[in-house]
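**Student:** Coordinates for the following, if possible.
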Amino acid sequence: MKLSAFGEKLSAGAGILSLMDDLGTALAEGGKIMMGGGNPGHIPEIQTVMAERLRTLTDDEQLLRRLIGTYDPPRGEGEFLQALASLLRREYGWDLTEENICLTNGSQGAFFLLFNVLAGTTGNGGKRKILLPMAPEYIGYADLGLVDDFFVSVRPRIEMIGDHFFKYRVDFEGITITDEIGALCVSRPTNPTGNVLTDDEIARLARLAEENEIPFIIDNAYGVPFPGMIYTEATPVWNENLILCMSLSKFGLPAVRTGIVIAGKEMIRLLSGVNAVVNLAPGSFGAMLTTEIIRSGEIIRLSREVIKPFYQHKMQRALTCLQECFKGIAYKVHVPEGAMFLWLWFPGLPLSGRQLYERLKKRGVVVVSGDYFFPGLAPGWRHTDECLRITYSQEEEAVRRGIHIIAEELRAILA
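**Tutor:** Numbers count the residues shown, from 1 in each chain. Model (predicted):
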């Protein structure tokens, strides 16, 4: 079978494909400790609320018809857009309306559309790239560009904290914005590290973008107002030059595939047009399931009082277990300020992260090798091969067993 350049690119060994394939295979086989993927934990209170909302929708003939039998407009379900715009005006004072919001079939789909609208081959034969001001960054970005050499990323400054903690900081002196740069993009909290860029770092990046007349994209999949998985101080921000991407996945609804883009009206009109071409319309399910809890503000209460404490408790338990199991091992962990991951660094690791990943998989522990998270970074930095991402979102006993096996394997390697 002969493939186009598009087909060849998307059929190559993408990191996100490897991750999702591993997850699916491991779940089908059973008996594996799932510490690699980003699947959220199952929170009983959230599932109870969603079950009640689903019953309301299915018990009402008109609502059911809208849910399964009617196309939404390309921007998404109108009542959801109005409810969310109202919530954001009320909570943060942002000057926006429903015309500033567009839904997509998952946030991964939103980034595919946004990145390729803003970067790639231009009409005059030139080329534009997405600048990631600080790597490591989300594994799912790496293969979204439709052309090669799609990203430029910058090594962070590393701040050591105590014996076993560190934090990445944006190296502003390392950032160069040329005519080739089509947009800046960061995730906050950062997947994979749990880093939360400070308000000052966000403000400086926003100024850089505005001065260079390019958009600044913030991936807010784990942030506020929902799901609210931030364990440090961080002020939500939005303006007309900023593209804020949100999701319902980490609120506990990964299967509904609902991405949310908040941007200037011109960008939303453009994105809606692309949505119409690619999807006709985004799905209604996630939007209709959550409209009422967004309208009432209940989604914020659930995020603050249920979701955030749920993951923060899991993070603290995982850290305690890590510190107990890793005694005597040369390791460092990024300060976990948000999301649901621990980013582990093993300075001087005598094999690569992928080799460690393969050894752990044979022992029934599925993690993610850190080297996948550095798209667009010039080769040669050994640090990229010394890191692993693990998630603590699953059952506590499984996480504990997984950490114990990782420690055992590291001791065997280092011996």
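**Student:** Next, count neighbours for residue 60.
**Tutor:** Using other CB atoms under 10 Å, residue 60 has 12 neighbouring residues. All C-beta spots, glycine's among them, are computed from the backbone N, C-alpha and C.
**Student:** do you know how far it is from residue 406?
**Tutor:** Distance, residue 60 to residue 406, by CB to CB, to the nearest Å: 49 Å.
**Student:** And the helices in the protein?
**Tutor:** For the chain, the helices defined by DSSP state H occupy 5-11, 15-29, 44-59, 61-69, 78-92, 107-118, 199-211, 265-279, 285-295, 298-302, 308-325, 353-362, 396-414.
**Student:** worst average pLDDT in the ones you listed?
**Tutor:** Sorting those by mean pLDDT places helix 15-29 lowest, at a mean of 61.
**Student:** wait, which of the helices of the chain is closest to residue 134?
**Tutor:** helix 199-211 (8.4 Å; CB to CB).
**Student:** which other residues reach that closest one?
**Tutor:** 133, 169-170, 172, 175, 177, 183-184, 186, 188, 197, 215-216, 218, 233-235, 237, 239, 241-242 (CB atoms under 8 Å, 6 or more residues apart in numbering).
**Student:** so how far is that helix off the chain centroid?
**Tutor:** With CA atoms, centre = their mean, to the nearest Å as the basis, helix 199-211 stands 20 Å off its chain's centre.
**Student:** Please point out which parts of it sit buried.
**Tutor:** 201-202, 204-206, 208-209 (16 or more other CB atoms under 10 Å).
**Student:** For residue 237, give its distance to residue 216.
**Tutor:** With CB to CB as the criterion, residue 237 and residue 216 are 10 Å apart.
**Student:** More neighbours: which of these two?
**Tutor:** Between residue 237 and residue 216, counting by other CB under 10 Å, residue 216 is the more crowded of the two (24 against 17).
**Student:** Quickly note the distance from that one to residue 185.
**Tutor:** The spacing between residue 216 and residue 185, counted by CB to CB, is 8 Å.
**Student:** What of residue 152?
**Tutor:** In terms of CB to CB, residue 152 sits 11 Å off from residue 185.
**Student:** Also residue 162?
**Tutor:** Distance, residue 162 to residue 185, by CB to CB: 31 Å.
**Student:** Burial check on residue 97, number of neighbours?
**Tutor:** Neighbour number of residue 97 under other CB under 10 Å is 13.
**Student:** Drop anything exposed from the contacts of helix 199-211.
**Tutor:** 133, 170, 175, 183-184, 186, 188, 197, 215-216, 218, 234, 237, 241-242.
**Student:** Flag the least confident of these.
**Tutor:** Among these, pLDDT bottoms out at residue 241, giving 91.
**Student:** Not counting sequence-adjacent ones, nearest residue to residue 89?
**Tutor:** Leaving aside its sequence neighbours, residue 89 sits nearest to residue 96 (CB to CB, 6 or more residues apart in numbering; 6.8 Å).
**Student:** Run through the residues that contact the one you found.
**Tutor:** 85, 88-89, 238, 262.
**Student:** Who has more neighbours out of residue 162 and residue 185?
**Tutor:** A direct count of neighbours by other CB under 10 Å for residue 162 and residue 185 places residue 185 higher, at 28 against 8.
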